[in-house]
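I need the structure of the sequence given here:
(one chain, ligands or ions: 1)
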Amino acid sequence: MTGTPVRDDGVAAPWGTAEFTERLRAVAAERYHDRHPFNVRMHRGELTRGELRRWVANRFHYQRHIPVKDALILAKFDDPALRRAWLRRIRDHDGTAEGEGGIERWLRLGEATGLDRAALWDVSRVLPGVRFAVEGYVTFCRSRPALDAVAASLTELSAPSLMRTRIAAFERYYPWIEADGLAYFRGRIGQGGRDGEEALALVLAWAGTRAEQQRALAALTFKCEVLWALLDAVDQAGARTSERPVPGPP
Ligand SMILES: O=C(O)c1cc(C(=O)O)c2c(n1)C(=O)C(=O)c1cc(C(=O)O)[nH]c1-2
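Numbering: from 1, shown residues only. Okay, here's the model as predicted:
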């Protein structure tokens, strides 16, 4: 990457598109939660059934809030074409009818691990650290300008590769989870890749100054921290004696 050219007025000039893209992709790759110890253990086949169930149950809290934060982002857009495009994300999660969509598929994943739907919808079972992380993300998207909120979604640039690793790990190490339960992850390979590239094009178009580019990088860093903090909470819950176990068969 090149140095920092400074204009006559002392303000740093914006990075060119290639360099800014490279910086965004570097944050999305280097700070992504695929490197979190809990994910590393998941991918090595080292999680117990109880740990996997805990992850599925707590991650549902994130899943159910994704369309909420996307609705908050959509409300910032002036342009009908942009709203139409973003609306697709909400449909991906909520479906267009009962029994469809990503949330439904995650509930089926829960069932495949032995968790019933009522347990997943019960917020009182969600770990406090997970609630704080998810609330942090939703509040960020509600209160920040569209550029920041869309930039925060750029973690999805790294999601398809993680989905492939996860599917392979589940098939190999956790065969007690029915293959149908993995439908959510299979669907996200295409959706995540498309959403990530779409968001990247918007961020590149909107971040016209160095300060805006830096805000986008900070938003993406924040989102990586949200995902990391969520997994910290899930990972450390097992070490706490006060943990309420996620109910389900042994
Ligand atoms: O399982 C994962 O590791 C993972 C990560 C991410 C992500 O990178 O933010 C998302 C998802 N899954 C996901 O399923 C999803 O729908 C999603 C939406 C968003 C977003 O910020 O708009 N990220 C993610």
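
for the protein, what are the low-confidence residue spans?
Low-confidence segments of the chain (pLDDT under 70): 1-8, 240-250.

If we use 90, what do you get?
Along the chain, the parts satisfying pLDDT under 90 run over 1-11, 238-250.

Check it for the residue nearest the ligand and tell me.
Of the residues in the chain, the one nearest the ligand is T155, at a distance of 3.3 Å by Cβ to the nearest ligand atom. Quick note: C-beta positions are derived from backbone N, CA and C, even for glycine.

Quick one: neighbours of that residue, just the number.
By other Cβ atoms under 10 Å, the residues close to T155 number 23.

interface residues of the protein facing the ligand?
The chain comes close to the ligand at residues 66, 153, 155-156, 159, 162, 188, 227, as judged by Cβ under 6 Å from any ligand atom.

Among those, which one is most surrounded by other residues?
S153 (27 neighbours).

burial count for G110?
G110, neighbours per other Cβ under 10 Å, totals 24.

hang on, it packs against F60?
Yes - counting by Cβ atoms under 8 Å, G110 does reach F60; the two are 6.6 Å apart.

on that earlier part again, quick check: the residue of the chain closest to the ligand vs D195, distance?
The spacing between T155 and D195, counted by Cβ to Cβ, to the nearest Å, is 10 Å.

Buried residues, the top helix by length along the chain. List them.
Looking across the chain with DSSP state H, the single longest helix is helix 210-237. Buried residues in helix 210-237, defined by neighbour count with 16 or more other Cβ atoms under 10 Å: 210, 212-217, 219-220, 222-235, 237.

tell me which residues of stretch 176-184 are tucked away?
Within stretch 176-184, the residues that count as buried by 16+ other Cβ under 10 Å are 177, 181-184.

Format these as CSV; extra columns: secondary structure.
Listed next are the buried residues of stretch 176-184 as CSV, based on DSSP: H, G, I helix; E, B strand; the rest coil:
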residue, secondary structure
I177, coil
G181, helix
L182, helix
A183, helix
Y184, helix
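
Just put these in CSV and tack on distance to M42.
Listed next are the buried residues of stretch 176-184 as CSV, based on distance: Cβ to Cβ, whole Å:
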residue, distance to M42
I177, 12
G181, 15
L182, 13
A183, 18
Y184, 15
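
tell me, how many neighbours does T209 end up with?
Neighbourhood size, T209 [other Cβ under 10 Å]: 12.
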